[in-house]
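>>> Just need the structure, nothing else, for what follows:
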Amino acid sequence: MPDQGGPALRVLVVEDEPVALEAHTAYVERVPGFTVAATATTSQAALHALQRTAVDVVLLDMNLPDRHGLDVIRAMRAGGHAADVIAVTSARDLDVVRAAVSLGVVQYLLKPFVFASLRDRLEAYRAYRDQLGGTDQLSTQAEVDEVLAGVRHRARTALPKGMSEDLLVKVSRALREVDGLSATELGDRVGVSRVTARRYAEYLCEGRLAVRTQRYAGAGRPEVEYRWVS
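Numbers count the residues shown, from 1 in each chain. Model prediction:
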């Protein structure tokens, strides 16, 4: 883990979903060397926060209700705000990723994610900032490569043993597409057993990306169904 002896890096958390905003804020506060300076649920509120609060890095939801995250970054730069950006999104559009990179986004984090995924990226970003501190110039190609490798550091696998990223994406997509699925229905949609589907759905509930509800049908015992948090 990088040295956390310096001042805490100040984070602006921008997320329009209240449950996700609460979770992301709590995640940031759990990482040594970081503190939440402000939160915002819209692009307008984010830009206002940047005007009145010192911010080192923005944890930016790319799909805000009033403006796309790419436009928020352009507005930041036009307004003279130099804070780095970690993009957070469920979008997997290659053009969006390319545009984000061209605008200087230092990390790109796909939803759904858990604490360990964000922690790894924040730690890599902190290491990058520590490397840049104390010098205005890089003398060699090796130093340049080291700095770039730090900020692009590949996060460690954060999923529990036996779970795959591909299946997690399929389960997440299924829950976003259908408003309420039982474990059996979810398993049928993604091609896995009821037990496996329930494990992934429960994992998403633990991460506050999905919720459990009760489905009542007749006089029998209610069935648990899972809904994506939207």
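>>> CA only for contacts and neighbour counts going forward, please
OK.
>>> domain assignment for the protein?
9-151, 165-228 (automatic domain parsing).
>>> Which of these has the lowest mean pLDDT?
Mean pLDDT is lowest for domain 9-151 among those, at a mean of 83.
>>> rewinding a little: can I get the domains of the chain in CSV including mean neighbour count and distance to L159?
Below are the domains of the chain laid out as CSV (neighbours: other Cα atoms under 10 Å; distance: least, Cα to Cα, whole Å):
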stretch, mean neighbour count, distance to L159
domain 9-151, 17, 8
domain 165-228, 17, 7
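>>> Pairing partners for the helix or strand in which V13 is found, with directions?
Assigned by DSSP states H and E, V13 falls within strand 9-14. Strand pairing for strand 9-14, determined by DSSP bridges: strand 34-40 (parallel), strand 57-61 (parallel).
>>> what ranges do the strands span in the protein?
9-14, 34-40, 57-61, 84-89, 107-110, 181-182, 210-215, 223-228 (DSSP state E).
>>> Relative to E17, how far out is the residue sitting nearest the centre point of the chain?
In the chain, the C-alpha nearest the mean C-alpha coordinate belongs to V88, at 4.1 Å (Cα atoms, centre = their mean). Noted for V88: a distance of 12 Å to E17, by Cα to Cα, to the nearest Å.
>>> try H48
Taken as Cα to Cα, the span from H48 to E17 is 19 Å.
>>> And the helices in the chain, which stretches?
Counting by DSSP state H, the chain has helices at residues 18-30, 43-52, 69-78, 94-102, 115-132, 141-151, 165-177, 183-190, 194-206.
>>> Looking at the ones you listed, which is nearest to L12?
helix 43-52 (7.8 Å; Cα to Cα).
>>> name the helices or strands packed onto that closest one?
Applying 3 or more Cα pairs under 8 Å, 6 or more residues apart in numbering; DSSP states H and E, one finds that helix 43-52 contacts strand 9-14, strand 34-40, helix 69-78.
>>> Output these in a markdown table, with distance to V106 appended to each entry.
A markdown table is the format used below for those (distance: least, Cα to Cα, whole Å):
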| stretch | distance to V106 |
| --- | --- |
| strand 9-14 | 14 |
| strand 34-40 | 16 |
| helix 69-78 | 12 |
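>>> ok, back up a step: quick one, which of the helices of the chain is nearest to Y216?
helix 183-190 (14.9 Å).
>>> From the contact counts, what lies against that closest one?
helix 165-177, helix 194-206, strand 223-228.
>>> how about a cut-off of 10 Å?
helix 165-177, strand 181-182, helix 194-206, strand 223-228 (3 or more Cα pairs under 10 Å, 6 or more residues apart in numbering; DSSP states H and E).
>>> Quick one: residues in contact with the shortest one.
Right, the one you point to is strand 181-182. 174-175, 187-189, 194, 197-198, 201, 212-215, 223-228 (Cα atoms under 10 Å, 6 or more residues apart in numbering).
>>> Partner strands of that strand, with direction?
Going by DSSP bridges, the partners of strand 181-182 are strand 223-228 (antiparallel).
>>> what comes into contact with the partner strand?
172-186, 198, 201-202, 204-205, 208-217.
>>> can you give me how far that strand is from the chain middle?
23 Å (Cα atoms, centre = their mean, to the nearest Å).
>>> Run the angle between that strand and helix 194-206 for me.
Angle, strand 223-228 to helix 194-206, by axes from the mean of the first three to the mean of the last three Cα atoms, to 10 degrees: 50 degrees.
>>> OK, contacts around the residue nearest to L109 when sequence neighbours are not counted?
Nearest residue to L109, sequence neighbours excluded (Cα to Cα, 6 or more residues apart in numbering): V88, at 4.9 Å. Residues near V88 by Cα under 10 Å, 6+ apart: 14-15, 58-63, 69, 107-113, 118.
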